[in-house]
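**Student:** with the input below, show me the fold.
(4 chains)
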There are 2 protein chains.
Amino acid sequence: MQGKGKDFWADSPGDALQQAKSRENLVGSPCAACPVRPLSICSGLSIDELSDLEKIVTNIDVKAGAPIFDEGEAATHRYNVTSGCVRIYKLLGDGRRQIFGFLFPGDFLGLAIEDEYAYSAEAVVTSHLCRFPQRDLEGLISRYPALEKRLLGVTKHELAIAQDLMVLLGRKSAEEKVVTMLLTLSKRAQHRGQSENPVFLPMTRMDLGDYLGLTTETVSRTMTQLKTKGVIHLERDRYISLIDMEKLNEMAEGF
Amino acid sequence: MQGKGKDFWADSPGDALQQAKSRENLVGSPCAACPVRPLSICSGLSIDELSDLEKIVTNIDVKAGAPIFDEGEAATHRYNVTSGCVRIYKLLGDGRRQIFGFLFPGDFLGLAIEDEYAYSAEAVVTSHLCRFPQRDLEGLISRYPALEKRLLGVTKHELAIAQDLMVLLGRKSAEEKVVTMLLTLSKRAQHRGQSENPVFLPMTRMDLGDYLGLTTETVSRTMTQLKTKGVIHLERDRYISLIDMEKLNEMAEGF
DNA sequence: CGCTACGTTGAGAACAATCAACCCCGGTGG
DNA sequence: CCACCGGGGTTGATTGTTCTCAACGTAGCG
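**Tutor:** Here you go, the predicted model:
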């Protein structure tokens, strides 16, 4: 459904990791130098405690379109995105797909129900992730209760995001859906300290459709309508400029 | 949106609570006798520890259609349903509503983001709930870490349910939506030890529509179609018999 | 240089929404 | 006691948004 290694637009391909690596000698700890740590679950640990985390972490590299794990698999690991973009989704028997979210640097994934992954995860573009063995992570949690608090916080946050997506899927029009998505991605990019106005969309129209409960054609048509209305502008290389923010904010909630 | 006190079909109106009360003298602890405890978050505590829980709990009584809390309010309490049915939802600016779920005895509600309720909650029929002040609950959690584990488990479970609902909202047809809902309510009733074959639907068609991302008319039409196909039968007093379970299970996933 | 994935656009079909009428039933008040 | 009222549910006719099917352009990539 994705496939070829077309990853030249991966957002800062491995930068986070490489920067961390290059600073390793300086600080003696890649995690301490990790640029996404403040955004991630790892902020539940102090600089000293991080060394315990480093003992159990592996850095992995996932090519564009490659799977990270599949729904129903034994949930042996948890992950943290450090660069790139990951989609999490579920499939129906006949292949229909619902994407729950696109994960960016700092985002956590791998929450399991009864030791099985509850959804599938794939890299949208070539991405880097930190991988923690679940067994070791449990040990760490029992030693550092702050981690469990942080895990609960992350899960609650995911639930809130899921609820907003349910409102979108159940009660918004195609136009409202697309505009809401653009604004959400913009805000999240800002939160990570990346470009929030030309919004970067690493995923395909099909991904967007499977996220918004629409077909690719409807996503495409809606984009052109928004362009015609003058509220957005489609730049090259998957960047979209948000022209009339006020109007867009109104459109997202249907006025 | 609901209103009149038409609660004669509240499922065992207050039974759970009344039974608990009547056994109070016997066991000296209403929580220990609580029939929904094994289903609820309270199962994270031993019988002895329950007395600490009892010190902070209040039993409340909510009339059909009455609010429990509203989205954005200061989240001062957490709740546990002991009898009846509660709907949780969010509204858009123009009044469109998305219901995230119907909560039954044993279900927990009140999860907050930054000390504000993330959604609104109302009683579908006259219901009884246990209410815990958040401050006191936090104290209890710090004393009994098992409670935090249980809370994380409950939240993860909610997230899994939310993901299934997202698949339904984004990718299923009206018929698949209605059938999935009937099967889900049946399974949950069974889990609580209530009738799973004539399924009981305490909520209105409008509630169901706002849950499934449909209008009341479409819910109604779809029900009659299912009846015509002979896979369900509409009994009186909001009970629905599931006739052809095999067919229904197929229909829920679209074959 | 052709293949394939992706994106856009068009025409027509289909599914669900909308608008509207009607029934049933329980509550209320004359 | 009965008539009225209003909420909930069902059904019908029509509209409209989104999907489906199809064609075509473009850009990487082998």
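**Student:** helices of the stretch 151-255 of chain A, residue ranges please.
**Tutor:** Listed in chain order, the helices found in the stretch 151-255 of chain A under DSSP state H, counting those that start in this stretch are A:174-191, A:205-212, A:216-228, A:245-252.
**Student:** just say which of those helices is most tucked in.
**Tutor:** Per residue and on average, the most neighbours among the helices of the stretch 151-255 of chain A fall to helix A:205-212, with a mean of 22 (mean count of other Cβ atoms under 10 Å in any protein chain shown). Using the backbone N, CA and C atoms, a C-beta is placed for each residue, glycine as well.
**Student:** the inter-axis angle of it versus helix A:216-228?
**Tutor:** With axes from the mean of the first three to the mean of the last three Cα atoms, to 10 degrees applied, the angle from helix A:205-212 to helix A:216-228 works out at 90 degrees.
**Student:** how about the helices of the stretch 151-255 of chain A in a markdown table, adding distance to DNA strand C?
**Tutor:** Shown next, in a markdown table, are the helices of the stretch 151-255 of chain A (distance: least, Cβ to the nearest atom of the strand, whole Å):
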| stretch | distance to DNA strand C |
| --- | --- |
| helix A:174-191 | 11 |
| helix A:205-212 | 3 |
| helix A:216-228 | 3 |
| helix A:245-252 | 17 |
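**Student:** next, format those helices as TSV and append mean pLDDT.
**Tutor:** What follows is the helices of the stretch 151-255 of chain A, written out as TSV (pLDDT from 0 to 100):
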stretch	mean pLDDT
helix A:174-191	97
helix A:205-212	98
helix A:216-228	97
helix A:245-252	95
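**Student:** now distance to B:Ala162 too, for those helices, in CSV please.
**Tutor:** As requested, the helices of the stretch 151-255 of chain A are arranged in CSV below (distance: least, Cβ to Cβ, whole Å):
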stretch, distance to B:Ala162
helix A:174-191, 17
helix A:205-212, 15
helix A:216-228, 23
helix A:245-252, 21
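**Student:** quick one: which of those is nearest B:Met251?
**Tutor:** Judged by Cβ to Cβ, the one of the helices of the stretch 151-255 of chain A that comes nearest to B:Met251 is helix A:205-212, at 22.2 Å.
**Student:** which residues of chain A score low on pLDDT?
**Tutor:** Within chain A, the set of residues satisfying pLDDT under 70 comprises A:1-29, A:255.
**Student:** give me the residue at the spatial middle of it.
**Tutor:** For chain A, the residue sitting closest to the mean C-alpha position, by Cα atoms, centre = their mean, is A:Leu103 at 0.6 Å.
**Student:** where's that one relative to A:Leu151, distance?
**Tutor:** Applying Cβ to Cβ, to the nearest Å, the value for A:Leu103 to A:Leu151 is 16 Å.
**Student:** one more: A:Leu137?
**Tutor:** Applying Cβ to Cβ, the value for A:Leu137 to A:Leu151 is 9 Å.
**Student:** anything in contact with each of those two?
**Tutor:** Jointly contacting A:Leu137 and A:Leu151 under the rule Cβ atoms under 8 Å, 6 or more residues apart in numbering or on different chains is no residue at all.
**Student:** my read: A:Glu253 touches B:Lys90, true?
**Tutor:** No: distance between A:Glu253 and B:Lys90: 11.6 Å, which falls outside the contact criterion (Cβ atoms under 8 Å).
**Student:** could I get the buried residue list for stretch A:144-155?
**Tutor:** Of the residues in stretch A:144-155, those scored as buried under the neighbour-count criterion (16 or more other Cβ atoms under 10 Å in any protein chain shown) are A:Tyr144, A:Leu147, A:Glu148, A:Arg150, A:Leu151, A:Leu152, A:Val154, A:Thr155.
**Student:** how many neighbours does the closest residue in space to the fourth one that isn't next to it in sequence have?
**Tutor:** Distances taken as Cβ to Cβ, 6 or more residues apart in numbering or on different chains put A:Gly44 closest to A:Arg150, at 3.3 Å, once the chain neighbours are dropped. Using other Cβ atoms under 10 Å in any protein chain shown, A:Gly44 is surrounded by 20 other residues.
**Student:** A:Gly44 and B:Pro145, how far apart?
**Tutor:** Applying Cβ to Cβ, one obtains 15 Å for the distance of A:Gly44 from B:Pro145.
**Student:** quick one on the thing from earlier: looking at the helices of the stretch 151-255 of chain A, which is nearest to B:Val179?
**Tutor:** Evaluated with Cβ to Cβ, the helices of the stretch 151-255 of chain A place helix A:205-212 nearest to B:Val179, the distance being 22.1 Å.
**Student:** and the closest one, is it in reach of chain B?
**Tutor:** Yes: using Cβ under 8 Å from any Cβ of the partner chain as the criterion, contacts between helix A:205-212 and chain B involve A:Asp210, A:Leu212.
**Student:** fine, thanks again, bye for now.
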